[in-house]
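Engineer: predicted structure and sequence below. I'll ask about it afterward.
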Amino acid sequence: MRKCIIPVFLLIAILDPCFTNAQENGQDGFAVKFGGFIKNDFFYDSRQTVAAREGHFMLWPAAPLYDLENRDTNEASSFNFLSIQTRLNAAISIPDAFGAKTSGMVEGAFFGHSNPDINGFRLRHAWVKFNWDNTELLFGQFWNPLFVTSNFPDVVSFNTGCPFQPFSRNPQVRLTQSLGDFRVIASALSQRDFANVGPWGASSSYLRNSTIPDLHAQVHYVHGGAGILTQFITGGGISYKKIVPELLTQQGYITDAGVTGITWMAFARAAFQPVTVKAQFIAGQNVTDLLMIGGYGISRIINPERGLVEYVPLQTTSYWIDMHTNGQTLQFGIFGAISENRGATDNLAEGTTVTGFGTNIKSTYRVSPRIIFNSGRARFALEGEYSAANFGTIDLVRNSKGIPVDVDQVANFRVLLGVYLFL
């Protein structure tokens, strides 16, 4: 399949001038515009990290791992050079359908679907959109609504501020209604590349077996600004999600016990003539599908012989702020964030374990300054990323909510150089 996809993009690149000319001449209203970028990343880490794709997508520093002489083996530094973030896309416009302006997007990258598939070409976005005067309807794979496309960190790292910033692309149906300066968004999502963690690892089956899509509702306010303030955007939203971790208990009995989670978020972006400031707050439950710390635990054992239990989600809060200058050639920026494990919504049953992602982290934070130099379609971007995490052990006798105790902090400093060529 991968061998077929790449020639398709190359064919689009060759035919793109023909499609564009057809649209400009008004012949059939059909056009395909080819785009993307080539990116090369060069980075050094002062410590081993928890990351995807040979260290490229960095989440947090690795927890201490002691040898027989009580030395932390994860204190070892490392480096890497990679080009896997290189991206290709095709923006498609067609004649109006159903009385709406109709468009589509297909985008892929060489990031691979999993660590063994590094360099593999994988789907990022694939959607069709219908735009009426005040209504937009999107079908397909696109960013999770909690990743607000008008308000995300402009960091150099491909992690885009993860695990503090929600990061997920989902197949979905999304309705956006414009009401003057307000935007109302409602969407229903499934999971594919980014899925919740359960007893068998990350899988979309937990959400699918709940028979309820991941549901979102948001309200945005967009103001054009005046004077030195050129734009102001703010908003908030809520999502509801239920997963069913297993259909058969380890003892061999049918179960339909689920984990429900509600996530709140609020954001703001203020663009001034010299600087742009962005911020977001997230209070989430069972947000492992967003590559954030969290998960779920067992609050009650209903029938130990049959393995029937009740679940509760782990709660996570996250705050981040990003600021950068607005120069065309030279830009300076800084990103700061903190995420905290708030524990389960109810006391967890003693003798049980928690399931999730980064559940041994009590809190983690990051500070990353950057400098970007643009020249034509080329860019050099240098970023320093200091990330620290407080690791502990889960002891439900000492903390019944599953918040780690006996915390030990470790940190990693990454120096990253990104070299871009925009197509």
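Structural biologist: On my side now, so go ahead. Residues are numbered from 1 along each chain as shown.
Engineer: dump stretch 202-221 to CSV, keeping only the CA atoms.
Structural biologist: Output of stretch 202-221 as CSV, limited to C-alpha atoms (Å, rounded to 0.1, in the frame of the first residue of the first chain):
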residue,chain,number,x,y,z
ALA,A,202,-3.3,1.0,23.1
SER,A,203,-6.3,0.0,20.9
SER,A,204,-9.4,1.6,19.3
SER,A,205,-11.4,-1.5,20.4
TYR,A,206,-12.0,-0.1,23.9
LEU,A,207,-13.9,2.9,22.5
ARG,A,208,-15.6,0.8,19.7
ASN,A,209,-16.9,-1.7,22.2
SER,A,210,-18.6,1.1,24.2
THR,A,211,-20.8,1.8,21.1
ILE,A,212,-20.6,5.5,21.9
PRO,A,213,-18.4,7.9,19.9
ASP,A,214,-16.1,10.4,21.7
LEU,A,215,-18.4,13.4,21.9
HIS,A,216,-17.2,17.1,21.9
ALA,A,217,-18.9,20.5,22.2
GLN,A,218,-17.0,23.8,22.0
VAL,A,219,-17.7,27.6,21.8
HIS,A,220,-15.1,30.0,20.3
TYR,A,221,-15.1,33.8,20.3
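Engineer: averaged pLDDT, the helix or strand that contains His125. What do you get?
Structural biologist: Take DSSP states H and E as the rule and His125 turns out to sit in strand 122-131. If you average the pLDDT over strand 122-131, you get 97.
Engineer: the next helix or strand after that strand packs against which elements?
Structural biologist: Stepping forward along the backbone from strand 122-131, the first helix or strand reached (DSSP H and E) is strand 135-143. If you count contacts as 3 or more C-beta pairs under 8 Å, 6 or more residues apart in numbering; DSSP states H and E, strand 135-143 packs onto strand 122-131, strand 169-179. In this view, the C-beta of every residue, glycine as well, is placed from N, C-alpha and C.
Engineer: nearest to Tyr311 among these would be which one?
Structural biologist: Closest of the helices and strands packed on strand 135-143 to Tyr311 is strand 169-179, at 22.3 Å (criterion: C-beta to C-beta).
Engineer: just want the angle from that closest one to strand 135-143.
Structural biologist: Between the axes of strand 169-179 and strand 135-143, defined by axes from the mean of the first three to the mean of the last three C-alpha atoms, to 10 degrees, the angle is 160 degrees.
Engineer: buried stuff in strand 169-179?
Structural biologist: Arg169, Asn170, Pro171, Gln172, Arg174, Thr176 (16 or more other C-beta atoms under 10 Å).
Engineer: as a markdown table, the residues you listed with distance to Phe98 would be great.
Structural biologist: Compiled in a markdown table, those are given as follows (distance: C-beta to C-beta, whole Å):
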| residue | distance to Phe98 |
| --- | --- |
| Arg169 | 26 |
| Asn170 | 24 |
| Pro171 | 21 |
| Gln172 | 19 |
| Arg174 | 16 |
| Thr176 | 16 |
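Engineer: any idea where the helices of the stretch 151-300 of the chain begin and end?
Structural biologist: Remark: helices of the stretch 151-300 of the chain, listed N- to C-terminal, are 205-208; assignment by DSSP state H, counting those that start in this stretch.
Engineer: was I right to think Phe413 contacts Gly384?
Structural biologist: Yes: the pair formed by Phe413 and Gly384 meets the contact definition of C-beta atoms under 8 Å, at 6.9 Å.
Engineer: so what's the residue count around the residue lying closest to Leu123 once chain neighbours are set aside?
Structural biologist: What sits nearest to Leu123 in space, not counting adjacent residues and going by C-beta to C-beta, 6 or more residues apart in numbering, is Gly108, at 5.5 Å. For Gly108, the count of nearby residues is 23 (other C-beta atoms under 10 Å).
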